[in-house]
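**Q** Attaching a predicted model along with its sequence, questions to come.
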Amino acid sequence: MSESMSAPAAGLRRPDGSPVRVLVVDDEPDLAEVLGAVLRYEGWQVRTAGDGAAALAAAREFAPDAVILDVMLPDTDGLAVLRRLRAELPQVCVLFLTARDAVEDRVAGITAGGDDYVTKPFSLEEVLARLRGLLRRAGMARAEAGHRLAVGDLVMDEDAREVTRGGTLVELTPTEFELLRFLMRNPRRVLSKAQILDRVWSYDFGGQAHVVELYISYLRKKIDAGRPPLIHTVRGVGYVLKPPAP
């Protein structure tokens, strides 16, 4: 694991201007200490926890913007902690750490609610890059001015990071929001899984498209359930977002 550190990234702050809050959950004290030092160098506030119970308690008190979570914890399965975190803090960004490199393990983490993953051993630069990407998706960067997007009765306010369908608020995780934004910025255009991976995850997810299928299914449950569908599958090609036929 590399201990090199880049200069702090400008613009990554909470909407109210206060420092980003990150919770590091790992039962290796030395690793948690190194990660915490690197994140504090970025100007962020950091808490650490060594097991699942401590992680959940810290999350409730600290209200982090992002969590770095080891899948292997001494008291419980890290994926169970991940599900609890996502249930209690639906907007929190979750980067999970895993010593397992099998595709099914990565998919399990994403299914449990993780936004991204890093496989041990990892470089600190990689962790920072992935975490910065998640925080930008969650609106923690002073990015280009957003605006309202609309497809049929689906409306996205990019500045407020709110999505409604038929006037009803739809709660989305940061990754779900970014995926939906990509679809809404390209209405009626068929987008391949490779294009979605490149735009939303910014890298090839181990050559696997399972993560795209999972997140499309999540969006359908939240956006299309009980309503005329907006998200359509074009077999062998990809996905398209378009309003229902009149």
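**A** Sure, I can see it.

**Q** quick one: residue 234 from residue 69, how far?
**A** Using Cβ to Cβ, to the nearest Å, we find residue 234 at a distance of 35 Å from residue 69. Using the backbone N, CA and C atoms, a C-beta is placed for each residue, glycine as well.

**Q** Compare these two and say which is more crowded by neighbours.
**A** Using other Cβ atoms under 10 Å, the more surrounded residue of residue 234 and residue 69 is residue 69, with 28 against 11.

**Q** I'd like to know which helix or strand in the chain has the lowest mean pLDDT.
**A** helix 103-111 (a mean of 68; mean pLDDT, DSSP states H and E).

**Q** What pairs with the helix or strand just after it, parallel or antiparallel?
**A** Next along the chain after helix 103-111, taking DSSP states H and E as the criterion, comes strand 116-119. Strand 116-119 has the following strand partners under DSSP bridges: strand 93-98 (parallel).

**Q** Touching the partner strand from outside, list them.
**A** 26, 65-72, 78, 82, 85-86, 105-106, 109, 113-120, 122, 127, 130-131, 134-135, 137-138, 174 (Cβ atoms under 8 Å, 6 or more residues apart in numbering).

**Q** just the helices in the protein please.
**A** In the chain, the segments counted as helices under DSSP state H are 29-41, 52-62, 78-88, 103-111, 124-137, 174-184, 193-196, 210-219.

**Q** Output the below-cut-off pLDDT ranges for this structure.
**A** Where the chain drops to pLDDT under 70, the residues are 1-11, 100-106, 140-146, 202-208, 246.

**Q** so residue 243 makes contact with residue 231?
**A** No. The criterion here is Cβ atoms under 8 Å, and residue 243 misses it with residue 231 at 11.3 Å.

**Q** Nearest residue to the middle of this structure?
**A** Per Cα atoms, centre = their mean, the C-alpha nearest to the average position across the chain is that of residue 115, at 3.2 Å.

**Q** List the contacts of stretch 230-244.
**A** By Cβ under 8 Å, 6+ apart, stretch 230-244 touches 151-154, 183-184, 186-193, 195-196, 212, 216, 219-220, 223-224, 228-229.

**Q** Tell me who's in contact with the closest residue in space to residue 163 that isn't next to it in sequence.
**A** Among residues not flanking residue 163 along the chain, residue 170 sits closest, at 4.5 Å (Cβ to Cβ, 6 or more residues apart in numbering). Neighbour list for residue 170: 163-164, 222-223 [criterion: Cβ under 8 Å, 6+ apart].

**Q** picking up where we left off before, isn't the residue nearest to the centre of the chain right next to residue 172, touching?
**A** No. Counting by Cβ under 8 Å, residue 115 stays clear of residue 172, with 11.6 Å between them.
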